[in-house]
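1. fold the following for me, if possible:
(3 chains)
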Amino acid sequence: MLPRPARLHRSSDFGATVRTGARAGRPLLVVHLAVVSAQDSSAHRSRPGDSPRAGFVVSKAVGNSVVRHRVARRLRHLMASRLADLPAGAGVVVRALPASADASSDALAADLDSALRSALRKASERADAVPAAVSL
RNA sequence: CGAGCCGGUCGGGCGGCCGCGGCACCGCGAGGUGCUGAGGAAAGUCCGGGCUCCGAAGGGCAGGGUGGUGGGUAACGCCCACCCGGGGUGACCCGCGGGACAGUGCCACAGAGAACAGACCGCCGGUGCUUCGGCGCCGGCAAGGGUGAAACGGUGGUGUAAGAGACCACCAGCGCGGCCGGUGACGGCCGUGGCUCGGCAAACCCCACCCGGAGCAAGGUCAAGAGGGAGGCUCGCCUCCUGCGCAGGCGUUCGAGGACGGCCCGUCCGAGCCUGCGGGUAGACCGCACGAGGCUGCCGGCGACGGCAGUCCUAGAGGGAUGGUCGCCCCCGGUCGCUCGCGACCGGGACAGAACCCGGCUUACAGACCGGCUCGUCUG
RNA sequence: GCCCCGAUAGCCCAACCGGCAGAGGCAGUGGUCUCAAACACCAUCCAGUGUGGGUUCGAAUCCCACUCGGGGCA
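-> Numbering: from 1, shown residues only, chains lettered A, B, ... in the order given. Okay, here's the model as predicted:
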């Protein structure tokens, strides 16, 4: 299990991250990344300075309970070593797609890294474009 | 040796590295060390209980469930043994297996007739007619044909105009009586009666027995007392209750409403309650891992199971802990090599993941092992 | 955790207190009409009722177990 401050806890946290975050899809998974800037006052629960928080979504389409939990465990272990590379206060939701059921850990790691890089780039572009309007 | 039946067990093993949950200890802290960490089905949620709250867990009706007998159990719709019926050469297997003389209802089509039935083709006697093939009318009969899932016993004989349990023998079934065995379901034997009476209750129903409701998001503690309100009295202490706004309706002894699940009785609370709309509804801890517990031995019992003694402590999360990777061994399949039994390489090793806890049932499952038994063939 | 529905032709759906092996619409096929098509009309084809078992003479219907799909409450 990830350390408590590094986990998403409530259904609303998942919803907010998926809805507002930058999205990057790969064949095995989809990454949603919400970066909270210093000027963003709308997110009460996430503040800059907190550690990045991660959560996982594995639907029934992936497989039965054994398969879903195995995918979640692999993703969680992979994410644990990558949390340090994320900006403080960020929220990450990783959605596993059905193809991930038969994927190896190496394949999952490749897609996760690729998707994270893409999501980080999109999030930073969005952050660069917005502050002028928000921070006033 | 070949077919097959029944019961049970296991369900990969060892190790290295990087990680995770819980507990204990050390440390100011970061963290470290040690121990420990999924299943036989953890599953489906089809039954039964424990536990908790609702009202003391009361009575009756309704509703639901079960359905051979005896036992096991905390309990069961589960299990064991036996009985009956059916299947199999057999070991064994299958059965929601009470009641159709309490009542109601249904039995399509076909068929003459389908429930205390009926006469289509027929058989027989009498009689009239006759083209001598038969036909009509009256009466008797139900053996044979035919329909159907099912046609009011079966076979053989006596008997008769033809026939019929009309009568006789045996058989099948039913009722009654007696004796014997068994706790019992029931079985066996003997006698006797009328000679014979359909099926469906997984149709309504009747009978016997069982069942109060909700569920760990149960329920409790902290928050939450220096808050608000009511009552009491010894006047500063005790007891009890309590989330907000708006609208409508009902009511305080002629008792609203609630406890109550559908209703009634009974019991209790009772001055506020009901309905609608709107708004609100952080968190932490306990419950929560010692239990109808596992293992071993002895004893009782055909068995399910029970008793006694010893011994062991064995997951406990809260977006939810067992993962990743490598090596050796084991099992299976394939290819190749040969010193003919080994070696090399490749691939594969099921179903499936605890969330309050137990007892069952059902369903899924690669493969391996153990024990008992039956039939057939061969040899001694 | 608790509970309730549904499954019938390629598609949508009747028949559900048992009874002729199953109605209708759309789609498909063939034909009539038309120069040709559309529309309309006529005809035809397509199911063995989700799976397995049971009760019954007989099951889409009743009973049991399972599979899949959908939904509700806390």
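
2. all strands of chain A, in order?
-> Secondary structure of chain A (DSSP state E): strands located at A:22-25, A:29-34, A:53-58, A:91-96.

3. now do the contacts for residue A:115.
-> A:24-26, A:29-31 (Cβ atoms under 8 Å, 6 or more residues apart in numbering). For glycine as for every other residue, the C-beta is placed from the backbone atoms N, C-alpha and C.

4. tell me the pLDDT at the residue positioned nearest the centre of chain A?
-> The residue lying closest to the centre of chain A (Cα atoms, centre = their mean) is residue A:92, at 2.0 Å. We have a pLDDT of 83 for residue A:92.

5. state the pLDDT value of the closest residue to it other than its chain neighbours.
-> Leaving aside its chain neighbours, residue A:92 sits nearest to residue A:54 (4.5 Å; criterion: Cβ to Cβ, 6 or more residues apart in numbering). Predicted confidence (pLDDT) for residue A:54: 79.

6. one more: the one 10 residues further on?
-> According to the per-residue confidence, residue A:64 scores 74 in pLDDT.

7. now it: how far from residue A:70?
-> 10 Å (Cβ to Cβ, to the nearest Å).

8. same question, residue A:8
-> Separation of residue A:8 from residue A:70 (Cβ to Cβ): 20 Å.

9. of those two, who's got more company?
-> residue A:8 (20 against 16; other Cβ atoms under 10 Å).

10. stretch A:112-126 close to RNA strand B?
-> No. Using Cβ under 7 Å from any atom of the strand, stretch A:112-126 stays clear of RNA strand B, with a minimum separation of 13.2 Å.

11. could I get the buried residue list for that stretch?
-> Neighbour-count burial for stretch A:112-126 flags A:112, A:115-116, A:118-120, A:122-123 (criterion: 16 or more other Cβ atoms under 10 Å).
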